[in-house]
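> Below: sequence and its predicted model.
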Amino acid sequence: GALAACSSGSGATPALVSPSGPAVAAAENKRKGTGRTRQVPLTAAAATLDLGGGVTARSWAFSGRTPGEEIRLSAGDTLSAELSNRLPDKTPTSIHWHGIALRNDMDGVPPVTQRAVRAGADYTYRFVTDAPGTYFFHPHVGVQLDRGLYAPLIVEDPDEPLSYDDEWVVVLDDWVDGVTGTPDEVLAELRHGMGGMDMDGMGDMSTKFMLMGAESELLGGDAGDVKYPYHLVNGRVSADPAVYRGKPGRRVRLRVVNAGGDTAYRVALGGHKLTITHTDGFPVRHEQVDALLIGMGERYDVLVTLDDGVFPLVALAEGKDATGMALVRTGSGGAPGTTVRPAELNGRILTASQLRAADEVRLPSRKVDRVHRVELTGGMGKYNWAINGEAFDMTDPAAHPLTVEEGQRVRLDFVNTTEMWHPMHLHGHTYQLGGHGPRKDTSIVLPKKKLSVVFDADNPGQWMLHCHNAYHAEAGMMTLVAYR
Ligand code: C2O
Ligand code: CU
């Protein structure tokens, strides 16, 4: 969580790009529902958060906590989530159900799939959850997800094939917003500027400027010594970490979610190997590793067999030389220091393209009907992050869509022309990397590298495709995959 929301969604109301009604409903009806409905109230509001270790932060959260309370249901259940927007300063919001293949009109992307939910208003999201897996949710307005508005969404498999004794959800976040006693004058300035500025007419330029300032502060670039002062594991700082209690010999499923706005993490549990079983909710052929590399918006499920003692579960912020930590306690012993770096962090790490999809979720091979080249363009200097050289414009979201037709096999060829890496996220679908790679919805595209993914266009509507760095996305590294 970091900064104030910027302008998009709060300016003039652009026309709604209407999702294609009957086709959207037809796709929903194909999902096998259980007939059960889970009702969940969700209030987005300012909150004073206790991050542990005497650190409190005034920020925005769902129902007063970060991460917000987990939603857990069974595949095929209907989720009925009632969002109450109680954010301050007339801030509009929405909820996006990250990774879920749901009906397009419930995807939570103003102004594409709905109008933003105005301050003081309520909105009910209602959809059938399709595939089991580890997901999360967050607003899709400005960089609101970087303020603490996120929570895990777990869709259980009624016929779970994995066997394990316990399950822990591990949510990672880079945090700076509203922290007391940190050198945040510059950020306060930025925030103040955004709140006080008349954005009409100059919205784009000023937003880009703010984002550039914010991201370089957070990266500790030229201007700044701010950086993210905290990396949180389940909403807690390393000095007073979250504690997972277990028993030696038990097998635990960890569901790891990176909800950060600007940070990829390398994650390891000291003294343990991790067996990767799922990525982005979908099963893979099991692989044993020492550590995970997880970009913003990605999820990994791993199995671990617990040893006897007290172990650090460490998330090392890539390129930032800082860590977040939780403790795993199965026996006696003192807690490791808050800056411990388990050796596993430098052990065997697989990137997603080295994984293989489990047979039951591998896309059947067939010819590709449509290829889109998705060039990731821009740079930190001008802060002109874009796709195919076109910065996404929220007031004209359908300006440069990538078109597909229902029933097509589509290939996206990501070409990263920039010096930074970008976690690219597709809404409403789970693509496959390479021919046999894992099924995912968010994948890191490394600097100067290419990555090809295929998906079946089986969920009609208008779907975002964007970098999950909140600042890059807001600056324009987004586009629309549009069914024709
Ligand atoms: Cu998690 Cu379009 O985002
Ligand atoms: Cu990016």
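Sure, I can see it. Ligands and ions are numbered 1, 2, ... in the order given.

> Hmm, residue 59 is touching residue 47, no?
Yes: the pair residue 59 / residue 47 is scored as a contact, 6.6 Å apart, by C-beta atoms under 8 Å. No exception for glycine: its C-beta is placed from N, CA and C like everyone else's.

> quick one: common contacting residues for those two?
66, 148 (C-beta atoms under 8 Å, 6 or more residues apart in numbering).

> Looking at these two, which one has more neighbours?
residue 59 (23 against 20; other C-beta atoms under 10 Å).

> For residue 237, see how far away the more buried one is.
14 Å (C-beta to C-beta, to the nearest Å).

> Name the residues of the stretch 51-200 of the chain found near ligand 1, please.
With C-beta under 6 Å from any ligand atom as the criterion, the stretch 51-200 of the chain meets ligand 1 at residues 96, 98, 138, 140.

> May I have the secondary structure class of residue 216?
helix (DSSP: H, G, I helix; E, B strand; the rest coil).

> pretty sure it contacts residue 380?
Yes: Residue 216 is within contact range of residue 380, at 7.1 Å (criterion: C-beta under 8 Å).

> Count the neighbours of residue 349 for me.
17.

> Quickly list what it is bridged to.
Assessed by DSSP bridges, residue 349 has beta-bridge partners residue 291.

> And it, what's its pLDDT?
pLDDT recorded at residue 349 is 94.

> go on, the one 10 residues further on?
The predicted structure scores residue 359 at 96 on the pLDDT scale.

> ok, so what distance separates it from ligand 2?
In this view, residue 359 and ligand 2 are 33 Å apart by C-beta to the ion, to the nearest Å.

> what's the neighbour count on that residue?
Neighbour tally, residue 359, other C-beta under 10 Å: 9.

> Okay, and the beta partners of whichever residue of the stretch 301-450 of the chain sits closest to ligand 2?
Among the residues of the stretch 301-450 of the chain, residue 422 lies nearest to ligand 2; the distance is 3.3 Å by C-beta to the ion. For residue 422, the beta-bridge partners are residue 445 (DSSP bridges).

> And the residue nearest the centre of the chain?
Residue closest to the mean C-alpha point of the chain, counted by C-alpha atoms, centre = their mean, is residue 297 at 2.6 Å.

> Skipping its backbone neighbours, what lies nearest that one in space?
Closest residue in space to residue 297, ignoring its immediate chain neighbours: residue 468 at 3.5 Å, by C-beta to C-beta, 6 or more residues apart in numbering.

> Number of residues surrounding that neighbour?
Residue 468 is flanked by 27 other residues according to other C-beta under 10 Å.

> Next up, phi/psi of it, please.
When read as degrees, to the nearest 10, the backbone of residue 468 gives phi -90, psi 10.

> same question for the host helix or strand of residue 155, mean pLDDT?
If you go by DSSP states H and E, residue 155 is part of strand 151-156. For strand 151-156, the mean per-residue pLDDT is 98.

> so what does that strand touch, helix or strand wise?
strand 71-74, strand 133-138, strand 166-175, strand 251-258 (3 or more C-beta pairs under 8 Å, 6 or more residues apart in numbering; DSSP states H and E).

> among those, which is the most enclosed?
strand 133-138 (a mean of 25; mean count of other C-beta atoms under 10 Å).

> Is it correct that residue 39 is in contact with residue 82?
Yes: using C-beta under 8 Å, residue 39 makes contact with residue 82 at a distance of 7.2 Å.

> These two: which is more packed in?
Just comparing residue 39 and residue 82: by other C-beta under 10 Å the higher neighbour count belongs to residue 82, 14 against 11.

> End to end on stretch 329-348, go ahead and measure it.
Stretch 329-348 has its terminal residues 24 Å apart, counting by C-alpha to C-alpha, to the nearest Å.

> ditto for stretch 413-423
End to end - C-alpha to C-alpha - stretch 413-423 spans 14 Å.

> And that stretch, what's buried?
Buried residues in stretch 413-423, counting neighbours by 16 or more other C-beta atoms under 10 Å, are found at 414, 415, 416, 418, 420, 421, 422, 423.

> And for stretch 381-388?
Using 16+ other C-beta under 10 Å as the burial criterion, the residues of stretch 381-388 that qualify are 383, 384, 385, 386, 387.

> got it, and stretch 25-38?
Applying a neighbour-count criterion of 16+ other C-beta under 10 Å, one finds 27, 28, 31, 33 buried in stretch 25-38.

> what does it contact?
71, 73-80, 102-104, 127-128, 130, 458-461.

> which stretches of this structure form helices?
All helices of the chain, identified by DSSP state H, fall at 21-30, 185-196, 203-218, 470-475.

> lowest-confidence stretch among these?
Comparing mean pLDDT across the helices of the chain, the lowest value falls on helix 185-196: a mean of 44.

> ok, back up a step: what lines up beside the strand holding residue 155 in the sheet?
strand 71-74 (parallel), strand 133-138 (antiparallel).

> residues making contact with the longest one?
Think strand 133-138. Counting by C-beta under 8 Å, 6+ apart, 71, 95-100, 108, 144-145, 149-155, 169, 171, 255-257, 259, 278, 280-282, 299, 301 sit against strand 133-138.

> Let me know the angle separating that strand from strand 251-258.
30 degrees (axes from the mean of the first three to the mean of the last three C-alpha atoms, to 10 degrees).

> angle of strand 133-138 against strand 166-175?
Using the same axes, to 10 degrees: strand 133-138 against strand 166-175 is 30 degrees.

> How far off centre is strand 133-138?
Relative to its parent chain, strand 133-138 has a centroid offset of 8 Å by C-alpha atoms, centre = their mean, to the nearest Å.

> want to throw the buried residues of stretch 381-388 into JSON lines with pLDDT and distance to residue 229?
Below are the buried residues of stretch 381-388 laid out as JSON lines (pLDDT from 0 to 100; distance: C-beta to C-beta, whole Å):
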{"residue": "383", "pLDDT": "88", "distance to residue 229": "23"}
{"residue": "384", "pLDDT": "91", "distance to residue 229": "28"}
{"residue": "385", "pLDDT": "94", "distance to residue 229": "25"}
{"residue": "386", "pLDDT": "96", "distance to residue 229": "30"}
{"residue": "387", "pLDDT": "98", "distance to residue 229": "32"}
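
> Just give me the neighbour total for residue 407.
Neighbours of residue 407 (other C-beta under 10 Å): 10.

> before we move on, what about residue 249?
Residue 249: 11 neighbours (other C-beta under 10 Å).
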